[in-house]
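>>> kindly generate the corresponding structure for this input.
(3 chains)
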Amino acid sequence: MRSGYLSFAIGALALAVGSQAAAQDIVWARDGDIDSLDPHRATSTLSRQVWYQIYDSLLEFAADGSVVPNLAESWEVSDDGTVITFVLHDDIVCHDGTAFNADDVVWTANRAIFGDNPSLTRSSWGDVSSVDRIDDLTVAFTLETPFGAFVPFMADQFTSMLCDSNADAEDFGTGSAIGTGPWSLASWSRGSEIVLEANADYVNRGRPVDNPGAPLADRLVVRTMPEGQTRVAGLRTGELNVIVPPIQEVASLQEDEEVEVFVAEGTGQNMFLQFAVNRPPFDDPRARRAVSHAIDKDMAIQIVFGDLVERQYCPISRGVFGNDPEFCQQHDQDYDPERAMELLAELGYGPDNPMEVVLATWTGDNRERMLQMIQNQLAQVGIEASIEVMDIGTLNARDTQENNREDGPGYMDLMGWTWFDPDLLYLLWHSPGAYEGFHTPELDAVLEETRTAIDPAEREAAVQEAFRILLEDAAQVPIYTPGWLWLYAVSADTPGFTIGPFNRAQFSAMEPS
Amino acid sequence: MQERLKSAVNLATAASDVAPSRSALGRRTLALFSAVTANRGARVGLLLVLTLVIAAVFAPWIAPYGPSQMGAGMSLTPPSADHWFGTDEFGRDMFSRVVHGARLTIQVGLIAVGISLTVGTLTGLVAGYAGGWTERILMRLVDVVFSFTETLIALAAVAVLGPSLTNAMVAVGIAAIPFYARVAYSVTLVERNRAYFDAAYVAGAGHFRLVFIHLLPNILPPLIVVATLGVSSAVLAAAGLSFLGLGAQPPSPEWGAMLSAARDYFTQAPWIMIYPGLAIMVTVLAFNLLGDGIREALDPRQKARQ
Amino acid sequence: MARFLVHRLFAAVLTIFVTTIAVSMLIHLVPGDPVQIMYAQSQGTTPEELDAVRERLGLDRPLVEQYISYLGRTLRGDLGVTIRGEQPVLELLLARLPNTLILAASALFIASIIGLSFGFVAAYKRGTWLDTTLMTTAILGVSMPHFWLGLILLFYFAVQLGWFPVAGSGFPNLVLPAMTLGLTNAAIIARLTRSSMIDIFDQDFVRTAHAKGLPKAVVLYRHALRAGLVPIVTMMGLQFTYMMGGAIVVENVFGWNGVGRMAIQAIFQRDYPLIQGFILMFAIVVVLVSIMMDVVYVLLDPRIRH
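Here you go, the predicted model:
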């Protein structure tokens, strides 16, 4: 036993020495790990943030949120909107030294759209009928129908460009990943850390960061540390340089001169309530409106998050095309407990017969505290809500299940989506809908118009019409933005950290201490 | 666990000195009670258990505020005359929450132990009584399940049932079944070989009568000890599941869940992490002391060792 | 001796066999549609696509057929891929298993040193204030929820005082979780050791040795300690599996990157292939440890050797 222990201890010691951070590292600690290195096999923000360091997309979002060239030096949309042609830079090099060209783009797109096991976000590519290599540097995507959200999607992490040499690796996505981004993968120890090395050949062609070439640090180490207080302690002792701070510690970190707190803006994230609409009580819009009238959203936000999040009025987030708080406030169901009680009385609920509902959300980011506030406010108008907190994947499945159940108590949940385009509404609410929940023929028609309208003013009108329907029927009750992983606390010793739009953390201009 | 198994088997052998008639059973219970209260540790245990039960039963009268009542005070105030245990992030009174938590804890103890005691006793009893293949198959299965730890079985059960406090209670109850089955089995084997059982058998008593009228009352005393100690491990296990987020859900004042939520406020308000933990510890301690006391009172051999 | 080991090996194989059945059926016990949960992250999956997945996974075939194909795959070392991220399950488990074993072994080491010495001294000084103090400490230790102790140690020593690094999985990071798990289990070992040593002290050969006028130290070391070792060593095997169970919770407190932390995440994410793999792997480890302990037992116990 003893000698066994000793060898264990020595092994552990060796491990400790091995993982000691070198001087030129930037260490970034988060509360969870990535699910996969393969952008077609996961959807979590934790994964997307890391893909962004390893891979580039054809296009990028500039600091103002507009779409700009990146791997593609230019692009062109045909007059009928069905053929999009990209011309690549001629000097792009993959992490393994091979040249990046049209073959890589075709390989990536075919894998995502037409592969045996296509991308989890395949439907966001639109109705692509073919991806063709025109010449070494030119690629054309042909669509069945025009799709306004296609071009911005080419700047998303879900369309990260993979090098076709990944095809030769058996462990692509689990142990290897070859891209063209500022950092290349050195190793991934699951649940513990991802070690990325600076790509010395990197040329910044579109990223909104103040560094034209290779990152300043030698390595970017991405650690998984579930306990928030230990991340804070690590930041203060200098073990860590960038952390996801627990919300409770933000105020004290903001006062700390050794630390700078960054709040991501224009994340595209939107936190809202949605309902199981195919059975009572929430098949009746009055029940949904009553819930919205019962919630003092500003007060709940203030107590749970303070100034770290903003009130959200529209079904899509601030910074996204079409968002118009003034318009949305004309149509939403704001705090009015009297009105809520009237509506409940109309539906036959009262002190002797309270409405009983389930109120769900997913774990983390103080959401369960937000639910407790909402629960408390609902109780004041006589709605008894019981809280259930689960993993995001489980919640997604649960929402669909609840929409397909014919009996059971009312169900609603605090859900969050992030997208760079109002096409999100099509994804969520066009029949059958992401959760097979609320949809109407009227809304379907409006949403179809948002996809095919090419004139911006026309599209905006359609988007706002969709807002009106969703808000007046209280199918989607917007509450706040952003919702997750939007806070960064950075050590003052390692300046240069910035956040691009849609919550893209930029490390390449960071100076190691 | 092994310690408990061993002493339970000792109890079985020790019990054979006592006459098994009905009226004797009443006398035995009385004698047991006075023997238990003679033990200092058990007296402390009994007192603590009584306090817990009183807190649970009279929670709404003892607690100055409702367990989920927000804004009972400012948020995160330290312990004071108004709020004995301080307040949490929503200004809920921690003392009221801890007191109401006692209700859930008692529930956990009763339901989880109820499940493992009932199913375990029946399994062990049937195996010990029937013998032959029934015995072999049942006890082999029990051995297999026993070889995993309770934690693993409880986790597997929660994985299937999904997280909630009720499911956590059931999971913890299921996890302990093999243990109770083993105790019941070994005690049944002892009782089966005693004169009263043979007499009833010769007199022509049926299976049902033999098992439930003759065997069951006589195997109960050692099982009571095990069940008393079992409350403490059930409370601990269920609190652990809630702590991990697999049990009680907010705003439940379940102590494990409260501890879990309190983590985020450690630097600002350490007291909200102290009291729920202390409550779990005192409860577990109380049942451990009481269980030890009952065991010593029942087991002459154990007493001799003091 | 050979018969004993063969018997134990047979039991081990049986345990694993039963586990594979239970594990392969787990997915059918889940309320709701597991396939829907698996594909919840995928945008716009059609019912036809879900049916195709059911067919691919064989969930539409008879249970026996499903089990046989599961067993076949498992024997080839194919435990499938996770739902989240489609990572190979076996690889994930094997990468983290050493961390859990290191934690459990270190904790057992700490628990043994403290538990054995406390128990031995208490038995030797039976009835004195020292005995009372040690055993009171022990019962407090048994009653301490390890997730609570862990939080207190973590926040005080790592966060507040900064004595231990908070990131990484090296030796300094091991200290606090191993202490947490070790201290709470030391109490159990102390109690067991005490009662086991009291049994030995009371036995004739120790008394005879005393009577013969052998020096106290010789009696203690050569006779009592060695005789007392056998039950204690057997107990270690069981303790190790408890440590593995306890590690599941403690890993989550400290963010220690072992299989336990992964298992809890998997339960939250309803990642059934990963949960199934975890249970199977845990069973195999438990069985291997118990076989190892059987061998040690055979080597140590003179009665079995001759």
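
>>> within range of chain B, give me the residues from the stretch 101-250 of chain C.
C:126-127, C:139-140, C:142-145, C:147-148, C:151-152, C:155, C:159-160, C:188, C:191-192, C:195, C:198-199, C:202, C:235, C:238, C:241-242, C:244-246, C:248-249 (Cβ under 8 Å from any Cβ of the partner chain). The way it works is simple: take the backbone N, C-alpha and C, and place the C-beta from them, glycine included.

>>> please repeat the previous calculation with a cut-off of 6 Å.
For the stretch 101-250 of chain C, the residues in contact with chain B (Cβ under 6 Å from any Cβ of the partner chain) are C:139, C:143-145, C:147-148, C:155, C:192, C:198, C:238, C:241-242, C:245, C:248-249.

>>> biggest separation within the residues you listed, which pair?
C:155 and C:198 (38.8 Å; Cβ to Cβ).

>>> coming back round to it: and of the residues of the stretch 101-250 of chain C next to chain B, the nearest to residue B:103?
Closest approach to residue B:103 among those (Cβ to Cβ): residue C:145, at 18.7 Å.

>>> residues in contact with the residue nearest to the closest one when sequence neighbours are not counted?
Spatially, and ignoring its direct neighbours in sequence, residue C:145 is nearest to residue B:280 (5.0 Å; Cβ to Cβ, 6 or more residues apart in numbering or on different chains). Counting by Cβ atoms under 6 Å, 6 or more residues apart in numbering or on different chains, residue B:280 makes contact with B:239, B:255, C:145.

>>> can you check residue B:172 too?
Per Cβ under 6 Å, 6+ apart, neighbours of residue B:172: B:112, B:154, B:234, B:237, B:238.

>>> same deal with residue B:37?
residue B:43.

>>> if we use 10 Å, what do you get?
Counting by Cβ atoms under 10 Å, 6 or more residues apart in numbering or on different chains, residue B:37 makes contact with B:43, B:46, B:293, B:297.

>>> so which of these sit within helices?
Mapping those onto helices (DSSP state H) picks out B:43, B:46, B:293, B:297.

>>> let me know the closest of these to residue A:178.
Nearest to residue A:178 among the ones in helices among the contacts of residue B:37, with distances taken as Cβ to Cβ, is residue B:293, at 67.6 Å.

>>> so what's the residue count around the closest one?
Burial measure for residue B:293: 24 neighbouring residues, criterion other Cβ atoms under 10 Å in any protein chain shown.

>>> which pLDDT value belongs to it?
Per-residue confidence at residue B:293 stands at 86 (pLDDT).

>>> what of residue C:194?
Looking at residue C:194, the pLDDT reads 86.

>>> which SSE is it in?
helix C:171-201 (DSSP states H and E).

>>> near chain A at all, that helix?
Yes. Judged by Cβ under 10 Å from any Cβ of the partner chain, helix C:171-201 comes into contact with chain A at C:171, C:172, C:173, C:174, C:178.

>>> ok, back up a step: state the distance from the residue nearest to residue C:145 to residue A:402.
Separation of residue B:280 from residue A:402 (Cβ to Cβ, to the nearest Å) stands at 34 Å.

>>> return the set of buried residues in the helix holding residue C:194.
Buried residues in helix C:171-201, defined by neighbour count with 16 or more other Cβ atoms under 10 Å in any protein chain shown: C:171, C:173-198, C:200-201.

>>> secondary structure class for the residue lying closest to residue A:245 once chain neighbours are set aside?
Take residue A:245 and drop its neighbours on the chain: the residue closest to it by Cβ to Cβ, 6+ apart is residue A:489, 4.2 Å away. Under the three-state scheme (DSSP: H, G, I helix; E, B strand; the rest coil), residue A:489 adopts strand.

>>> quick one: residues contacting residue A:489.
Taking Cβ under 10 Å, 6+ apart as the test, what residue A:489 contacts is A:29, A:231-232, A:235-236, A:240-246, A:249-250, A:253-254, A:256, A:259-262.

>>> one more: residue C:130?
C:118, C:121, C:122, C:124.

>>> next: residue C:57.
The contact partners of residue C:57, by Cβ under 10 Å, 6+ apart, come to C:27, C:34, C:35, C:38, C:66, C:69, C:80, C:272, C:273.

>>> farthest pair in those residues?
C:38 and C:69 (17.9 Å).

>>> so those two - more neighbours on which side?
Neighbours per residue (other Cβ under 10 Å) separate residue C:38 from residue C:69, with residue C:38 holding more: 23 against 14.

>>> can you pull the pLDDT of the more buried one?
67.

>>> likewise for residue A:328?
pLDDT, residue A:328: 96.

>>> ok, now residue B:70?
pLDDT, residue B:70: 92.

>>> assign the residue in the stretch 51-200 of chain B that chain A sits nearest to to helix, strand or coil.
At 5.3 Å from chain A, residue B:70 is the closest residue in the stretch 51-200 of chain B, using Cβ to the nearest Cβ. When classified by three-state DSSP, residue B:70 comes out as coil.
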